[in-house]
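Asks: from the sequence below, what's the structure:
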Amino acid sequence: MFTSLKKINIKNRMLLGYVVPAAIYLGLPGLVYATTSQVFNTLEEVERLEAAIRETNNMSIGTEQMVGGLRGYLINKNQQFLNDFKTGADLARQSAKAVEPLIKAPEQRARVAKMLALVNEYYEGSNEIISLLQRNQTTEALAIFNTGKYTKIVNEFVELNHKFLELELEQIKKDTQKTKQSISFLVSALIIGSLLLLLIGAVIFWLISSGIARTIDRAISSIASSSTQIAATVEEQERMASQQAASVNQTTTTMDELGASSRATAQQIETAATQAMQALNLAGGGTKAVEQTLEAMATLKVKVQDMQGQIMQLSEQTDRIGNISIVVSELANQTNMLALNAAVEAVRAGEHGKGFGVVASEIRKLADRSKKSASQINLLVADIQRAINSTVMVTDEGTKTVESGVYIAKETAEAFAGVANAINNVVLSSQQISLNAKQQAIAIEQVVEAMNSLNQAAAQTACGISQTKVGTQKLNEAALDLKAVM
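Replies: Reported below is the predicted structural model:
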């Protein structure tokens, strides 16, 4: 066991030295609390038993008072004995009622119930004797009293009461003995716990002190052997720190030059991006102009198509006019034939048909004129039809020309859009390159700052190494002094 304890480090030994006594010290109050709680519970049990005994004694006293009152009243018929009889009966009953919740054992409850039944039986029988005495039937009353029944009731009551008190007192004795044992155990536990605390404290103190002495001895030896190695290492680190400081200075100069180059590159890229934005704006203006041209071409195409529709309607109307002119010419021919027939009939009629002949001649003239007018209208309609056909052909050519212009404008717009996208890509690439160049310049500045900080840190490291060298020497001296003391 001691071998296992020696393997524990100093920290755990000290912790064990505090924890074990503290656990024992805290366990003792718990033991005291448990024991005192048990003692208190036992005392409460004894108090309950004593209260039950008191109430049972009151019940016995009431019964004795009831029996004495009956006998006194039987001898001299004094009213005071009758009052004592009733008072004793009431006391016995009240005591039986009071003792009932104080009893836990079933057999004791049964005894108290039996005792109360005997009291009630004696009381009821006594009332019969008292009733005979009040009617001056003393002989009958004495005969009933002398049967021995009531003496038997009293003896049985006394026996039950004696047995009840005997058991209750025996239980009190057991509880008292249990209390004494608990207190004796508590005293023994406190004495043993105190001795155990002293013993454990001494053992743990010895373990801690011996462990600390051995640990300090080993630490002194380790410090003494390590201080020389540390001194050599410190000298080597001092030399390397000087070399690192020179390298950092050279790197810082190179990074400054690289930062200046990055800033110039970023400025040139910003200029190229600005020019690309101007070209993008011009391409956007060309695209807008082409879009406007497309809109105008579309409007012109719609108007030409509307004009073509109107011309077609005019052609249809001209055809209708030609048809009407043909009908009028045919009507004029028919009218001329009718007028000729009418003139022939007028000649046949002679003198009576002269007037009719004149009318027929006039009608023939009108018919000839109508025919000539219809011929002229047909000529005009033919001229209009030819002009309309020429206009339709010209309109078709105009529509084709407009469609060709729209197609060319669309191709121009697509070309401008392609140029704009290309320029936009150039702008985005230039902006990204400019951003990267700026970030690179910032990063280079940060690297320069870091190199400056590193340079300062290298100088501080060199200074710290020198101080460490001095401290190592002092530590070696202190270890030697401590070893001499141990």
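Asks: mind checking how far residue 384 is from residue 142?
Replies: 173 Å (Cβ to Cβ, to the nearest Å). All C-beta atoms are positioned from the backbone trio N, CA, C, and that covers glycine.
Asks: of those two, which one has the most company?
Replies: residue 384 (17 against 14; other Cβ atoms under 10 Å).
Asks: which residues touch the more buried one?
Replies: By Cβ atoms under 8 Å, 6 or more residues apart in numbering, the contact set of residue 384 is 314, 318.
Asks: change it to 7 Å
Replies: residue 318 (Cβ atoms under 7 Å, 6 or more residues apart in numbering).
Asks: per-residue pLDDT, it?
Replies: Per-residue confidence (pLDDT) for residue 384: 81.
Asks: could you look up the SS state of it?
Replies: helix (DSSP: H, G, I helix; E, B strand; the rest coil).
Asks: that one and residue 314, how far apart?
Replies: For residue 384 relative to residue 314 (Cβ to Cβ), the value is 8 Å.
Asks: so residue 303 is in which element?
Replies: helix 149-349 (DSSP states H and E).
Asks: list the helices and strands that helix packs on?
Replies: helix 10-76, helix 106-134, helix 354-485 (3 or more Cβ pairs under 7 Å, 6 or more residues apart in numbering; DSSP states H and E).
Asks: same question for stretch 276-296, mean pLDDT?
Replies: Stretch 276-296 comes out at a mean pLDDT of 78.
Asks: tell me the domain ranges of this structure?
Replies: 2-227, 241-485 (automatic domain parsing).
Asks: if you average pLDDT over the shortest one, what comes out?
Replies: Yep, that's domain 2-227 we're talking about. 84.
Asks: please state the offset of it from the chain centre?
Replies: Distance of domain 2-227 from its chain centroid, counting by Cα atoms, centre = their mean, to the nearest Å, is 58 Å.
Asks: what about residue 362, how many neighbours?
Replies: Residue 362: 11 neighbours (other Cβ under 10 Å).
Asks: returning to that earlier point: now distance to residue 347 too, for the helices and strands packed on helix 149-349, in JSON lines please.
Replies: Shown next, in JSON lines, are those (distance: least, Cβ to Cβ, whole Å):
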{"stretch": "helix 10-76", "distance to residue 347": "165"}
{"stretch": "helix 106-134", "distance to residue 347": "172"}
{"stretch": "helix 354-485", "distance to residue 347": "7"}
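Asks: quick one, which of the domains of the chain is nearest to residue 235?
Replies: domain 241-485 (7.1 Å; Cβ to Cβ).
Asks: report the separation between residue 43 and residue 98.
Replies: When residue 43 is compared with residue 98 (using Cβ to Cβ), they lie 21 Å apart.
Asks: of these two, which one has the most company?
Replies: Neighbour totals were compared for residue 43 and residue 98, and residue 98 leads with 16 against 13 (other Cβ under 10 Å).
Asks: identify the residue nearest residue 140 in space, chain neighbours excluded?
Replies: The shortest distance from residue 140 to any non-neighbouring residue, by Cβ to Cβ, 6 or more residues apart in numbering, is to residue 132 (5.1 Å).
Asks: returning to that earlier point: minimum distance to residue 177: which of the helices and strands packed on helix 149-349 has it?
Replies: helix 10-76 (9.6 Å).
Asks: on that earlier part again, the residue nearest to residue 140: neighbouring residues, count only.
Replies: 19.
Asks: quick one: pLDDT of residue 261?
Replies: Note on residue 261: pLDDT of 70.
Asks: can you check residue 471 too?
Replies: Value listed for residue 471 in the pLDDT field: 73.
Asks: that one: how many residues sit nearby?
Replies: 14.
Asks: shouldn't residue 413 be in contact with residue 287?
Replies: Yes. Using Cβ atoms under 7 Å as the test, residue 413 is close enough to residue 287 to be in contact (6.2 Å).
Asks: CSV for the domains of the chain, including distance to residue 235?
Replies: Output for the domains of the chain, formatted as CSV (distance: least, Cβ to Cβ, whole Å):
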stretch, distance to residue 235
domain 2-227, 13
domain 241-485, 7
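Asks: for residue 360, list the residues it contacts.
Replies: Residue 360 neighbours (Cβ under 7 Å, 6+ apart): 339, 342-343, 346.
Asks: again, only using 8 Å
Replies: Taking Cβ under 8 Å, 6+ apart as the test, what residue 360 contacts is 339-340, 342-343, 346.
Asks: which non-adjacent residue is nearest it?
Replies: Per Cβ to Cβ, 6+ apart, closest to residue 360 is residue 342, 3.7 Å.
Asks: for that neighbour, give its distance to residue 374.
Replies: 21 Å.
Asks: just residue 315 next, same as before
Replies: In terms of Cβ to Cβ, residue 315 sits 20 Å off from residue 374.
Asks: again, but for residue 470
Replies: Counting by Cβ to Cβ - residue 470 and residue 374 are separated by 139 Å.
Asks: and what of residue 221?
Replies: 148 Å.
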